[in-house]
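Undergrad: Build me a structure from this.
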Amino acid sequence: MSKQLRKKSSQKLPLRTILIVLAFGVCCFYGGLLVGFASAPPPVQCPEPTIQIIEKPVPAKGAPAAQAKIFPESVDRLVHDYATVSRSEFNQHLDIGVPYDEDMHGSSEVVVLYTSDTVLPKSYANQQSATFKRDGLSFEEATSQCDTVKVVLTEPAKRKQANKRECVALVPQWESYYVHKFMRLPPHGQLQHDAPLRYVSRSHVAKGVSNRVPVMESETMPYYPVLMDYLSNLDRMLKELRPIADGIVGHNRKAPIVVLVCNWGQAGLFHNFVCNAKSKGLDVSNLLIFATDEKTKELAESLGVAAYYDEGIFGDMPEQAARAYGDRTFARMMMAKVFCVHLISSLGHNLIFQDVDVVWFKSPVEYFSDSSNIGEWDIMFQDDGAHSVRYSPYSPNTGFYYVKANDKTRFFFSELLRAGDVIAATKSHQAALTAKLNEHASWKGLRVKVWNRGEDNPFPGGFEYHRKKDIMKSIFNGNPKTEPYIFHMSWTENKNNKKLYFEQMGEWYIKDGCTDGAFDCCLAEPDIKCHYRDKPSKIPCKDSPPIDKGRPSFW
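TA: Okay, the predicted model is just below:
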C-alpha cells in the first residue's frame, strides 16, 4: 500500500492543468481591481493656488512710518506710544523745583507717553522700519512735537519696600490736575492686602496715619478771633512798619529784608547769631526782628538790629522756649512766623525768612540780591531733608527761605494767614505751608524752588549735620567744593541741644552765663567745647559720650 502511494505522489501534473490554474488566478486579480474602482468615491478636486499681492501704503511726506502697535486700540487716544529720556536731562530742561533724589538702578529715565501719532518725535518720520528707537532719546527729540507736557512724580519701588505693591492708572476723562489715591486700608488700622480699595487722602501711609482735619470747636473756632484781631490792626501795623522796612533797604529795593521772629526763650540763639556774624565781619543791617515780648525787642535794639513789637498782636505769645518740636508753645510761635512774613510781603519787599538757630558763613543778602541766583523762582526754600509723604513733593524747610515780592507770593501768604487752624491741628507751620505750596503751584503757577541737599547745597542744615558726615568734615576743613552761605541747626529737639551742637561746630560766640550784655557778651573767637563724640565737631571729641546710644565717633 505504501509503495502505491509513493508511486502516485511521484507522478508529475500535466502542463495543461498548470496553465488553466494560472489563467484563472490572473482573471480573479484583475476582476477584483475593476470591482474596487467602480465602488470608490470620486476624487477631491484641489483648486489652483493663487498669489494675492498687497501693496504697502506709502506714508505721506513728513508722516511717521508705519509701526507695530504698542498699546491696544481701546487706549490709542490715551497712550499711543512712548519714549524714555534721561532723568537728569529731563529735570534740567523742565525743573519743577522739587529737591531731586539721586538716580537709582531701574529709575534713571523718565517715561514720556504720547497721546497720538501727531506728537511722535520728528525723527520717527524718517524711519522706514516698523521698530522705532524708543529708549534713551534726547529731551529735544522726545518732546519735539509736544505743545504741552504734564509732569507726574511717583516714587519708584525700592528694595527695602519689597511689600510695596503700587499701581498707576491713567483714566480717559475730562481734564484733572490732581492725583486721586486709593489704598487697601481698613477704616481703622494698617494696610491689609485683602482689604478692599478705598479712597484716602494724599497724606495717608501704610500705617494708616494721615494729617488730620482740624477740630472745629478746639482749633478752628478759637483761631477766628485771633485772625479778626490781626486783620483789624493790619492797616495800623503796615503804616508803622513801612518806614522801618524802607529804611532798611534804602534805595536798593531789590535787596531782601532778613525777617526773624523771636521770644525771650529763644533770645540766646538770636544773640549768638548776631555775635557770630559780627565776628566774621558780616553786615546785619538788613535784619528786622519781630519780637513777641518787650525784653527781646530791647535786646535786639541793643545789638543794633531793627525790631518791631506790637503788644496787641504778639502780647499773648509765650515768652518761654518750646520744650520740643511740635508742642503748644512751638505751635503758637509758628503763627507768629506767619504774621511777620505776611506783613513784610504786604509791604511789597523781597524778603528772607530765617529762624534764630541759623549762623552765617557768607551773607545770604548778597546771594539773593543777584538776580541770576533767583531766575524764574517766586519762592525758594532750604531742603528739609525729610522726604516724607507729609511734606511731599517739595520738602521745604520753613526755617530758611526767600520770597520774591509779586502778586503771586502776596496772594499765597494771604491764604496761609487763614490756615491757623491747620497749623494748630498739625502743630507745624511746615505742613500747612507745604499743602498751600502744592495748591498754588498747580492753581496759580507759583514757581517754587527747593535747593537739593548734599555737597553743592549752599544752605545746609540738620539733614547734613545728622546724616552726612563727609559734608560736615568738608565744611570744617574749608573744602572749596562746599562753600555754604549759612547753616541751620534744624532736626534738633530743643534750644539746649542746639547750643551744644553749635559749641562743637565752633559756631558759638556767647560768653557762658551772659544774657543781658549785648555786645559785651560776644566772643571774638568761638568757644569750642566737646559734648558728644557721635555728633559733628570741629575738633575730635572721641572721649565724650554719645548722645545716641551705640553710635561711633564722628572722627
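
Undergrad: Can you show me the strands along the stretch 251-400 of the chain?
TA: Here the stretch 251-400 of the chain has its strands, by DSSP state E, counting those that start in this stretch, at 257-262, 287-291, 306-308, 351-354, 358-360, 379-383, 396-403.

Undergrad: Nearest to residue 478, out of those?
TA: When those are compared by C-beta to C-beta, strand 358-360 sits nearest residue 478, at 15.6 Å. Every C-beta, even on glycine, is put in place using the N, C-alpha and C of the backbone.

Undergrad: Listing partners with orientation, what would you give for the closest one?
TA: strand 486-488 (antiparallel) (DSSP bridges).

Undergrad: Centre-most residue in this protein?
TA: The C-alpha lying nearest the average C-alpha coordinate of the chain belongs to residue 393 (C-alpha atoms, centre = their mean; 3.5 Å).

Undergrad: quick one: residue 425 and residue 216, what's the gap?
TA: 11 Å (C-beta to C-beta, to the nearest Å).

Undergrad: which of those two has more neighbours?
TA: When neighbours are counted by other C-beta atoms under 10 Å, residue 425 comes out ahead of the other of residue 425 and residue 216, with 20 against 10.

Undergrad: For residue 444, find the nearest of the strands of the stretch 251-400 of the chain.
TA: strand 379-383 (11.8 Å).

Undergrad: and the angle from the closest one to strand 396-403?
TA: Put simply, strand 379-383 runs at 140 degrees to strand 396-403, going by axes from the mean of the first three to the mean of the last three C-alpha atoms, to 10 degrees.

Undergrad: start the count at 659, not 1, going forward
TA: Sure thing, new numbering starts at 659, so read that last one as strand 1037-1041.

Undergrad: Which elements pack onto strand 1037-1041?
TA: Judged by 3 or more C-beta pairs under 8 Å, 6 or more residues apart in numbering; DSSP states H and E, strand 1037-1041 is in contact with strand 1054-1061, strand 1106-1108.

Undergrad: Endpoints of stretch 824-835, how far apart?
TA: With C-alpha to C-alpha, to the nearest Å as the measure, the ends of stretch 824-835 fall 20 Å from one another.

Undergrad: Give me the residues contacting it.
TA: If you take C-beta atoms under 8 Å, 6 or more residues apart in numbering as the criterion, stretch 824-835 is touched by 733, 735-737, 771, 812, 815, 1100.

Undergrad: quick one: residue 908 from residue 1007, how far?
TA: For residue 908, the distance to residue 1007 - C-beta to C-beta - is 12 Å.

Undergrad: and the closest residue to residue 912 other than its chain neighbours, how far is that from residue 914?
TA: Spatial nearest neighbour of residue 912, excluding adjacent residues (C-beta to C-beta, 6 or more residues apart in numbering): residue 1027 at 6.0 Å. Note on residue 1027: its distance to residue 914, by C-beta to C-beta, is 7 Å.

Undergrad: what about the two, which has more around it?
TA: Legend: neighbour count by other C-beta under 10 Å for residue 1027 and residue 914, higher for residue 914 (25 against 16).

Undergrad: Excluding sequence neighbours, find me the nearest residue to that one.
TA: Residue nearest to residue 914 in three dimensions, not counting chain neighbours: residue 1008, with 4.2 Å by C-beta to C-beta, 6+ apart.
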